[in-house]
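Student: Sequence isn't available, so here's the structure alone:
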């Protein structure tokens, strides 16, 4: 996509300059007031919805799955959302490039808002999983299109500052999320955690429709729907392998081997199709640059590992520590504050001083690795100040890394490919998160079962291991109704969660090693010099 200014010339080109001339390749360095308003308005709307969903829902999920099913259904609810998000991301990027990011962004917000309403109306686990998938389809476009729009009008070096500021606002909204989610879950209903998105989404649509003025030159091209279907199918099979392998079926069983074969075939067919597609949903030429391939690999590993922290910390807080949802929200504040500070400070550092992203990414990944390892030491006796300190280390690293890797790959492509590369970076991260949710859910279930089997009271409990899969409030009630059982349940969860966090830390060691091979590229101060 080529952005145009109100005169009809490519953005940043003087009147009369032909498109493609040196003067027409990008806007002037710096932000005009209308550009800054555009970027902040677009990012804040999407980030607010995204922050509320991720952080409010995090504290509500243990209660939700406990009400509808079993605690071992936790990963299924998370995975359905992430898989739907993943499936839609690549399409959003391409559709935005073809038809304009504003229109596609509004579609994403509309779907997300409708999905939020439906999740709040869910009456059983099947509906909950299905409606979370609908919500995920909309969520796939929130971050992708917001960052695409910002990258369209802001050169990469300035983008670090803008995205850092917006990331700080995102984290600030995240501070409120766990508190609101915990309070709604405890005192009203978890359903309001989703219904809260509805008025915000409607207001966002109205504001975007009436205030956001984003010039766009539409180009005529086809959408690679077959490529999208193949990509979704391959990703879905990978997630199923992650969910079922070693839990529902042995790794060498016929169903798992058949799924592995299907994944290989789908991957081969997808690559073959993308080579001949007129408008490939995943342009393979982008990955001919080693820097992009490496950044994507790091993004994938981080996506797998961070899900081990984010969605499993609330389980630790509510089951092992016995916090109610509101207290759990309060205990997540250090993590959110650290993400806010890490994102804002690192964005400023890149824009104002370094002009490069590598040192920030390396330091951030190191902090995340240490933070996840420290979380693997948590048990029921861990004092609150240690829990908070560990979250600060992890959160600072997350804030320093996530958006900075996106900036690094945006720096390497032309304006025309910004939507596609941004979508692919987010796609890879969320694929990792979906697989991470499945894998760590399986790790949790396996270690939980093993710990309970070796418990001294396992044979004394009516219903056996079913006690492990109730909602956190019911588990906490065991302290009064079955005091001889309660400590064993808490110890089983503590041991299982330690395994989850340790596995995540091991993956981050791999990401840390890979970051040292990233090129120390200077971020452009305009859109010139991008890959054409």
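Tutor: Nice, I can see it. Everything quoted here is computed from the prediction, not taken from an experiment.

Student: can we go C-alpha only for contacts and neighbour counts from here?
Tutor: Fine.

Student: ok, now which ones touch residue 491?
Tutor: Each residue near residue 491 by Cα atoms under 8 Å, 6 or more residues apart in numbering is listed here: 320, 379-380.

Student: In helices only, show me those.
Tutor: Residues of those located in helices (DSSP state H): none.

Student: By neighbour count, which of these wins?
Tutor: Counting neighbours by other Cα atoms under 10 Å, residue 320 leads those with 25 neighbours.

Student: That residue is in contact with residue 379, isn't it?
Tutor: Yes - using Cα atoms under 8 Å, residue 320 makes contact with residue 379 at a distance of 7.2 Å.

Student: Touching both of the two, which residues are there?
Tutor: With Cα under 8 Å, 6+ apart, residue 320 and residue 379 have common neighbours 491, 494.

Student: Return the distance of residue 193 relative to residue 138.
Tutor: 17 Å (Cα to Cα, to the nearest Å).

Student: ok, residue 179 touching residue 330?
Tutor: Yes - Residue 179 is within contact range of residue 330, at 6.0 Å (criterion: Cα under 8 Å).

Student: the more surrounded of these two?
Tutor: Using other Cα under 10 Å, the more surrounded residue of residue 179 and residue 330 is residue 179, with 23 against 17.

Student: Give me the three-state assignment for that one.
Tutor: Secondary structure state of residue 179, per DSSP: H, G, I helix; E, B strand; the rest coil, is helix.

Student: Grab the nearest non-local neighbour of it.
Tutor: Among residues not flanking residue 179 along the chain, residue 329 sits closest, at 4.6 Å (Cα to Cα, 6 or more residues apart in numbering).

Student: so how many other residues sit close to that neighbour?
Tutor: Neighbours of residue 329 using other Cα under 10 Å come to 27.

Student: Other residues contacting the helix or strand containing it?
Tutor: Using DSSP states H and E, residue 329 falls within helix 325-331. Contacts with helix 325-331, where a contact means Cα under 8 Å, 6+ apart, come from 59-60, 177-183, 185-186, 314, 317-318, 388.

Student: switch the cut-off to 7 Å
Tutor: Here helix 325-331 makes contact (Cα atoms under 7 Å, 6 or more residues apart in numbering) with 59, 178-179, 182-183, 185-186, 314, 317-318.

Student: now do stretch 367-378
Tutor: By Cα under 7 Å, 6+ apart, the surrounding residues in contact with stretch 367-378 are 390-391, 393-394, 397-398, 498-499, 501-502, 504-505, 508-509.

Student: which among these gets closest to residue 406?
Tutor: residue 398 (13.1 Å; Cα to Cα).

Student: what separates the closest one from residue 407, distance-wise?
Tutor: Note on residue 398: its distance to residue 407, by Cα to Cα, is 15 Å.

Student: which of these two has more neighbours?
Tutor: residue 398 (26 against 23).

Student: There's contact between that one and residue 338 in this structure, I believe.
Tutor: No - contact criterion Cα atoms under 7 Å: residue 398 and residue 338 do not qualify, at 8.5 Å.

Student: buried ones in whichever helix or strand residue 304 is part of?
Tutor: Per DSSP H and E, residue 304 falls inside helix 290-310. Across helix 290-310, burial judged by 16 or more other Cα atoms under 10 Å covers 291-292, 294-310.

Student: And the contacts of the host helix or strand of residue 110?
Tutor: Here residue 110, judged by DSSP H and E, is contained in helix 101-121. Residues from elsewhere that reach helix 101-121, judged by Cα under 7 Å, 6+ apart: 92, 95-96, 128, 131-132, 134-136, 138-139, 141-142, 145, 149, 191-192, 194-195, 197-198, 201, 205.

Student: Show me how far the helix or strand just after that helix is from its chain's centre.
Tutor: The helix or strand immediately downstream of helix 101-121 is helix 125-153, counting by DSSP H and E. Its chain's C-alpha centre and that of helix 125-153 lie 10 Å apart, by Cα atoms, centre = their mean, to the nearest Å.

Student: helices or strands up against helix 125-153?
Tutor: Helix 125-153 sits against helix 33-68, helix 74-99, helix 101-121, helix 418-453, with contacts defined as 3 or more Cα pairs under 7 Å, 6 or more residues apart in numbering; DSSP states H and E.

Student: Figure out which of these is closest to residue 231.
Tutor: helix 74-99 (7.5 Å).

Student: quick one, that closest one and helix 418-453 angle?
Tutor: 180 degrees (axes from the mean of the first three to the mean of the last three Cα atoms, to 10 degrees).

Student: Mean pLDDT per helix and strand in this protein: which one sits at the bottom?
Tutor: Least confident helix or strand, the chain: helix 156-183 with a mean of 65, by mean pLDDT, DSSP states H and E.

Student: What residues sit buried inside the helix or strand following it?
Tutor: Stepping forward along the backbone from helix 156-183, the first helix or strand reached (DSSP H and E) is helix 192-195. Buried residues in helix 192-195, defined by neighbour count with 16+ other Cα under 10 Å: 192-195.

Student: Also stretch 263-283?
Tutor: 263, 266-267, 270-271, 273-274, 277, 279-283.

Student: Closest to residue 446 out of these?
Tutor: Of all the buried residues of stretch 263-283, residue 446 sits closest to residue 263, with 24.6 Å by Cα to Cα.

Student: Please name the nearest non-neighbouring residue to the closest one.
Tutor: Nearest non-adjacent residue to residue 263 (Cα to Cα, 6+ apart): residue 234, at 5.4 Å.

Student: so that neighbour makes contact with residue 265?
Tutor: No - applying Cα under 7 Å as the test, residue 234 and residue 265 come out as separate, 8.6 Å apart.

Student: Residues in contact with both of the two, list them for me.
Tutor: Common neighbours of residue 234 and residue 265 are not found (criterion: Cα under 7 Å, 6+ apart).

Student: Phi, psi for residue 249 please.
Tutor: Backbone torsions for residue 249, taken as degrees, to the nearest 10, come to phi -140, psi 150.

Student: residues of stretch 430-443 that come out buried?
Tutor: 430-443.

Student: Apologies, that question was intended for stretch 107-123.
Tutor: So stretch 107-123, judged by 16+ other Cα under 10 Å, has buried residues 107-122.

Student: still on that earlier bit, which one (most neighbours) among the contacts of stretch 367-378?
Tutor: residue 394 (31 neighbours).

Student: quick one: secondary structure of that residue?
Tutor: Secondary structure assignment for residue 394 (three-state DSSP): helix.

Student: Tell me the spacing between residue 392 and residue 339.
Tutor: 8 Å.

Student: can you check residue 235 too?
Tutor: Counting by Cα to Cα, the gap from residue 235 to residue 339 is 29 Å.

Student: circling back: comparing residue 392 and residue 339, which residue is more hemmed in?
Tutor: Taking neighbours as other Cα under 10 Å, residue 392 and residue 339 compare with residue 339 leading, 30 against 25.

Student: The more buried one contacts residue 395, correct?
Tutor: Yes - Residue 339 is in contact with residue 395 according to Cα under 7 Å; the separation is 4.5 Å.

Student: Much appreciated, bye for now.
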